[in-house]
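Q: sequence first, predicted coordinates after that:
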Amino acid sequence: MDEKKYFLEQFDDIKILRYDVPVFDSLTLKEKLFVYYLSRAALAGRDILWDQNNRYNLRLRKVLEKILRDYKGDREAQEFQHFLVYAKKVFFANGIHHHYSMEKFIPEFTPEYFKSLLLAVGEEEMYGELERVIFDPRYMAKRVVLDDGKDLVQASANNYYEGVTQKEVEEFYREKKKQNELISWGLNSTLVRDEQGRLREEVWYVGGKYSKELTRVVENLEKAAEYACNEHQKEIIDLLVQYYRTGDLALFDRYSIEWAKESAAPVDFINGFIEVYGDPLAYKASWESVVQIMDEEACKRTRKLADNALWFERNAPIDERFKKSEVVGIIARVVQAAMLGGDCHPATPIGINLPNAEWIRERYGSKSVTLDNITYAYNQTSLTSGVLDEFAYSEEEKELVRKYGYLGGNVHTDLHECLGHGSGKMLPGVGQEALKNYYSTIEETRADLFALYYVMDPKLVELGVIPSLDVAKSEYCNYIRNGLMVQLTRVKLGNNLEESHMRNRQLIASWVYEKGKASNVIERVVRDGKTYFTIRDYDALRQLFGKLLAEIQRVKSEGDFEGARNLIEGYGVRIDPVLHQEVLERYRKLNVAPYAGFVNPEYKLVEKEGNITDVEITYPTDFLAQMLEYGNM
């Protein structure tokens, strides 16, 4: 397959890719119509995420769109080209802050030039409102601040809170928990201070905040329900619609339970206020959606893992107090993404495990998906990037990764999502709020360690999930190389790691490197002035992954905030500046963007004599055109 087929363009630190949905053509007309309306529902909530990310985002986006559509001046001028890159970065990040580093974009064009663009399209009155938002690097500098010791709510530039402090937020939801400790309080609301000085939630529902957007989501979900794959799926959509109409989080839990149970439909979806990475306190959820079609052949791999979930739980290298006595409702699927929306677009996860509520996982189970067509597109575009040749130490390592890296990465994702997030249990009375701003990093670390420990287990060969342990070795090489070096290409020199997944990967890689130094488990080698990390003992490395997993599970299960802080701040935050500079210089010569995202396919109804006869799928190749089209919608 030609990797160029998937690469569309590159700007700044971002490359834009496309993904195929080959399984779509094999669907029945009813299933295609289900995908069509679910996809429209996935796009209908886009503005919610923009507003959640920052209160100025929607106003700025409308201005950017108008300039891009209506400006009649010199579009070849250097400053307009700078403006074009800035606009694309904002569209990619769903706002003014980088989607990963959370730092505000500072444009290369001048305030005077921006003012001239506004004047040219009749929007000059917006300059006073937007000047500081765009050009002042200190104002709203980061969307999410995780720095220990700061008021994380007031320091963060997201739009989940208004006029409140971190202490007030924590106390407010501590009181809410006393009413019902199972409800994910705060998940679907903005916490504000009213005119009387009291704290009040602005709930996101039809009739409340985001009513216009959620009305459109609901309309398309109701149309989709007519083509649902089975009656259970219709009931699930009805529960989601009721939740959107009322904002009742108890209904969201009922929906989540039923969604997690459903395992027969060839077409499935994720839609809602779900992940809490955008809130430093992990209460508020960003809006997201994915429409997915099952890949039955690839599902054989994950089915083997799900069927043996209790074996993995019983044999995990963690304290018996933290193991589940039984594992229920583990559903794992390999899917092809058919549409990405909200916080899953343009940048997207490669695997998802839901529901997030711990009590639902423990009582009813969970459902995980690996987005196989997304990982395939990533893999195809990486084949000629030069990154492996630059940072891998030996030809043996390179050959191992070329042969098994794609499978190893997918199996890691399967284990991470299917079993890792669903494993273990918290002690009675312990909730995720105990770890505060460290919860997300600890949870991602735990799931990654579960995957790393078990990908090297002979059980996977016995089950036929992998052909040999060489698959695990390739994944170990990729993980250590990425955690200690390659992911640093995403960070500006002098900065610390801020994003939860990046902290998690460095925490793991740095910890096992340090703990294995005495026995040379991982060797740091300098050759021709270049640094490499090469694994000398794969079995010993696996045992170190197991030891760290035991400690991370204890921290989560006991709600040990100090333990979480010591691990994350000690291993996951700070970067060696000398190594960082070297990595950046080596990577810069490759001319490869470290971040990637996707354009979505488009679906069109085909009609004949007033009847819908088919749904046509096409694959756009112009990122900016798709962003402008979505804005018009």
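A: That came through fine. Numbering: from 1, shown residues only.
Q: packing partners for the longest strand seen in the chain?
A: For the chain, the longest strand by residue count, based on DSSP state E, is strand 330-342. Where contact means 3 or more C-beta pairs under 8 Å, 6 or more residues apart in numbering; DSSP states H and E, strand 330-342 is packed against helix 29-44, helix 46-53, strand 267-273, strand 287-294, helix 296-307, strand 366-371, helix 372-382, helix 395-414. Where C-beta positions appear, they are placed from N, C-alpha and C, glycine not excepted.
Q: output the contacting helices and strands for the helix or strand following the last one.
A: Spelled out, it's helix 395-414. The C-terminal neighbour of helix 395-414 among helices and strands, as given by DSSP states H and E, is helix 439-455. Applying 3+ C-beta pairs under 8 Å, 6+ apart, we find helix 439-455 packed against helix 395-414, helix 470-484, helix 500-515, helix 538-558, helix 561-567.
Q: can you point out the buried residues in the fourth one?
A: In this case it means helix 538-558. Buried positions in helix 538-558, judged by neighbour count with 16 or more other C-beta atoms under 10 Å: 540-546, 548-558.
Q: same check on the second one?
A: Under the neighbour-count criterion of 16+ other C-beta under 10 Å, helix 470-484 has 471-484 buried.
Q: how about the first one?
A: Residues 397-398, 400-401, 404-414 are the ones in helix 395-414 that count as buried (16+ other C-beta under 10 Å).
Q: which of those sit farthest apart?
A: 398 and 414 (24.2 Å; C-beta to C-beta).
Q: quick one on the thing from earlier: and of the helices and strands packed on helix 439-455, who's closest to residue 169?
A: Of the helices and strands packed on helix 439-455, nearest to residue 169 by C-beta to C-beta is helix 561-567, at 16.2 Å.
Q: residues touching that closest one, excluding its own?
A: Contact partners of helix 561-567, identified using C-beta atoms under 8 Å, 6 or more residues apart in numbering, comprise 148, 434-436, 438-439, 441-442, 445, 507, 511, 551-552, 554-555.
Q: helix, strand, or coil at the most centrally placed residue in the chain?
A: The centroid of the chain falls nearest to residue 349 when counting by C-alpha atoms, centre = their mean (4.3 Å). The three-state label for residue 349, taken from DSSP: H, G, I helix; E, B strand; the rest coil, comes out as coil.
Q: how near is the residue lying closest to it once chain neighbours are set aside to residue 626?
A: Of all residues not flanking residue 349 in the chain, residue 371 sits nearest, at 7.2 Å (C-beta to C-beta, 6 or more residues apart in numbering). Between residue 371 and residue 626 the distance, using C-beta to C-beta, to the nearest Å, works out to 19 Å.
Q: out of these two, which sits in the busier spot?
A: residue 371 (26 against 19; other C-beta atoms under 10 Å).
Q: SS state for residue 615?
A: Going by three-state DSSP: residue 615 is strand.
Q: hmm, it is touching residue 603, no?
A: Yes: with contact defined as C-beta atoms under 8 Å, residue 615 reaches residue 603; the gap is 5.5 Å.
Q: anything in contact with each of these two?
A: Common neighbours of residue 615 and residue 603 (C-beta under 8 Å, 6+ apart) are 35-36.
Q: may I see the buried residues of stretch 517-535?
A: Applying 16+ other C-beta under 10 Å to stretch 517-535 flags 521-522, 531-535 as buried.
Q: ditto for stretch 601-614
A: Going by 16+ other C-beta under 10 Å, stretch 601-614 has these buried residues: 601, 603.
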